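[1] With the input below, show me the fold.
(4 chains)
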There are 2 protein chains.
Amino acid sequence: MEVWTLSTSTGSGYHHGDLRAALLDSALALLDTEGPGELSLRAVARHAGVSPNAPYRHYRDKETLLAALATRGYTELGERLAEAAPGDDPGAEIVAMACTAVDYALDHPGVYRLMFGQSCSTHPDAIAASDAAMAFVADRIAAVAAPERREALLTGIWSLVHGLSTLLLDERLGARTRAEADALVETVVRTMLGTGLERPDGESGAG
Amino acid sequence: MEVWTLSTSTGSGYHHGDLRAALLDSALALLDTEGPGELSLRAVARHAGVSPNAPYRHYRDKETLLAALATRGYTELGERLAEAAPGDDPGAEIVAMACTAVDYALDHPGVYRLMFGQSCSTHPDAIAASDAAMAFVADRIAAVAAPERREALLTGIWSLVHGLSTLLLDERLGARTRAEADALVETVVRTMLGTGLERPDGESGAG
DNA sequence: CATTCAATGTGGTCATTGTACACATCGATG
DNA sequence: CATCGATGTGTACAATGACCACATTGAATG
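    From the prediction side, this is the model:
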């Protein structure tokens, strides 16, 4: 019933100490290299220095381990979002959160793909963690948006940021540095939230 | 050097006739049931009624077959987008395209996940097909947007729609019917493209 | 028509993977 | 020290992706 505080290797050789957390660390390290589809449970075990079956003492199966990692990902993303958000104007606050989320995706490509992949969106814990992160964003949006638009804005911004992250991860937007990516995110978010289209009643100056 | 025109089964038992296309059909059928990560090449071969190795005569490896399917998916999505777009006002045209894309995702969940998954975004053909679809959207947007904002709007709308599709596929938005999903897409897209945020110089009526 | 040949499908094989089962080892508790 | 539950190991098996050599075919060639 003791609480383990170490994370890598505590035991005297046979027992690991905190394999449960170490497996997540190993999976994280490998995921950010290989991508979620290619990651094998055995590779995670190897990275952690244990036998292929050791993980099964802590996670029911591979999917459960990955879901746990996705849950951790959502939690960390939520923490980063909470630290961001220096709001001069509403737009700046939204932009800051968008950049924070995109930066997280760029920092942890594998985990991000895992988080928004199929299998993990089924797992209750992951869903709960995702909802928590979304709830935080919802609060921030509620502070700057008209009540009628809050829900649509939340969905829209969340979707927009996810789409941007995906495209940036796939290198489809030509942004090579983090600064370029952030600048692009700011431009796109501001364009989408500002007056993006010429109004029908105005003059449509596009040729 | 002949061109095969049949698609399902032509051969006299041993040779299939057009296995290349039939494999795509089988993969499509299985993908929309099982999801891209779980789909095995052998299952595709079984579904097509051939031996596990037959696919290797037509596709270098599993990833190549899936990339071909993703390419086909982008092409079909592009065709659907071309059929859509009845533009009363600019917003309606964008909304129509957004709904078309989301409907495609809902019609073919597996293929959609494949298209926006990692491995296929690396394949040249898939990238080309994706670029073609995006180019079509870009044209439509160029017709209704100020030149300065075209690029950001394209990226933003594409991202927004992709995010919406993902969330809808994961059943995170509570839309159960196609009509509900379309209505939600319309609301979100219009909210995002309209004046979504209270301007700082205006009064922020949110409580 | 018989031969030949390249395209296409089959069977055999191997390493890797996910996972189940039985066994080994450890730390705490009596 | 003996015991026991928690945790890690080893063995085992089916499924998979992919490679090889071989079989079968239809079409071009004589």
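
[2] Spell out which residues make up each domain of chain A.
    A:19-57, A:62-193 (automatic domain parsing).

[3] Pick the most deeply packed of those domains.
    Mean neighbour counts were taken over those using mean count of other Cβ atoms under 10 Å in any protein chain shown, and the top value, a mean of 20, falls to domain A:62-193. Placement of C-beta: from N, CA and C, glycine included.

[4] Output the below-cut-off pLDDT ranges for chain A.
    Scanning chain A with the threshold set as pLDDT under 70 gives A:1-12, A:14, A:87, A:195-207.

[5] Apply 50 and report the result again.
    A:1-9, A:196-207 (pLDDT under 50).

[6] rewinding a little: CSV for the domains of chain A, including distance to DNA strand D?
    Listed next are those as CSV, based on distance: least, Cβ to the nearest atom of the strand, whole Å:
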stretch, distance to DNA strand D
domain A:19-57, 3
domain A:62-193, 13
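
[7] can I get those domains in a markdown table with distance to residue B:38?
    Output for the domains of chain A, formatted as a markdown table (distance: least, Cβ to Cβ, whole Å):
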| stretch | distance to residue B:38 |
| --- | --- |
| domain A:19-57 | 10 |
| domain A:62-193 | 9 |
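
[8] so which of the ones you listed gets nearest chain B?
    Of all the domains of chain A, it is domain A:62-193 that lies closest to chain B, at 2.7 Å by Cβ to the nearest Cβ.

[9] Quick check: end-to-end length of that closest one?
    40 Å (Cα to Cα, to the nearest Å).

[10] Figure out how far that domain is from the centre of its chain.
    6 Å (Cα atoms, centre = their mean, to the nearest Å).

[11] same thing with stretch A:59-68?
    18 Å.

[12] give the contact list for residue A:150.
    A:138, A:141-142 (Cβ atoms under 8 Å, 6 or more residues apart in numbering or on different chains).

[13] Now residue A:129: which helix or strand?
    Applying DSSP states H and E as the criterion places residue A:129 in helix A:124-142.

[14] Packing partners of that helix?
    helix A:62-83, helix A:90-107, helix A:147-169 (3 or more Cβ pairs under 8 Å, 6 or more residues apart in numbering or on different chains; DSSP states H and E).

[15] Quick check on the closest residue to residue A:72 other than its chain neighbours: phi, psi?
    When the adjacent residues along the chain are set aside, residue A:72 lies closest to residue A:24, with 6.2 Å between them (Cβ to Cβ, 6 or more residues apart in numbering or on different chains). Dihedral pair for residue A:24: phi -60, psi -40, per degrees, to the nearest 10.

[16] Now render the contacts of residue A:150 as JSON lines, adding distance to DNA strand C.
    What follows is the contacts of residue A:150, written out as JSON lines (distance: Cβ to the nearest atom of the strand, whole Å):
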{"residue": "A:138", "distance to DNA strand C": "35"}
{"residue": "A:141", "distance to DNA strand C": "38"}
{"residue": "A:142", "distance to DNA strand C": "41"}
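
[17] Nearest to residue B:158 among the residues you listed?
    Nearest to residue B:158 out of the contacts of residue A:150 is residue A:141 (Cβ to Cβ; 21.9 Å).

[18] so residue A:138 touches residue A:153, yeah?
    No - applying Cβ atoms under 8 Å as the test, residue A:138 and residue A:153 come out as separate, 9.2 Å apart.

[19] for residue A:169, what are its contacts?
    Residues in contact with residue A:169 (Cβ under 8 Å, 6+ apart) are A:105-106, A:109, A:112-113, B:118.

[20] Could you point out which of these is nearest to residue A:175?
    Using Cβ to Cβ, the contacts of residue A:169 come closest to residue A:175 at residue A:106, 9.3 Å.

[21] follow-up on the earlier one: separation between the residue nearest to residue A:72 and DNA strand C?
    15 Å (Cβ to the nearest atom of the strand, to the nearest Å).

[22] you'd agree that residue is up against residue A:73?
    No - taking contacts as Cβ under 8 Å, residue A:24 lies outside contact range of residue A:73: 10.0 Å.

[23] how near is the closest residue to residue A:100 other than its chain neighbours to DNA strand C?
    Leaving out its chain neighbours, the residue that sits closest to residue A:100 by Cβ to Cβ, 6+ apart is residue A:84, at 4.1 Å. For residue A:84, the distance to DNA strand C (Cβ to the nearest atom of the strand) stands at 35 Å.

[24] Can you report phi and psi for the most centrally placed residue in chain A?
    When Cα atoms, centre = their mean is applied to chain A, the residue found nearest the centroid is residue A:112 (4.7 Å). Backbone torsions for residue A:112, taken as degrees, to the nearest 10, come to phi -60, psi -50.

[25] you'd agree it is up against residue A:105?
    Yes - taking contacts as Cβ under 8 Å, residue A:112 lies within contact range of residue A:105: 4.1 Å.
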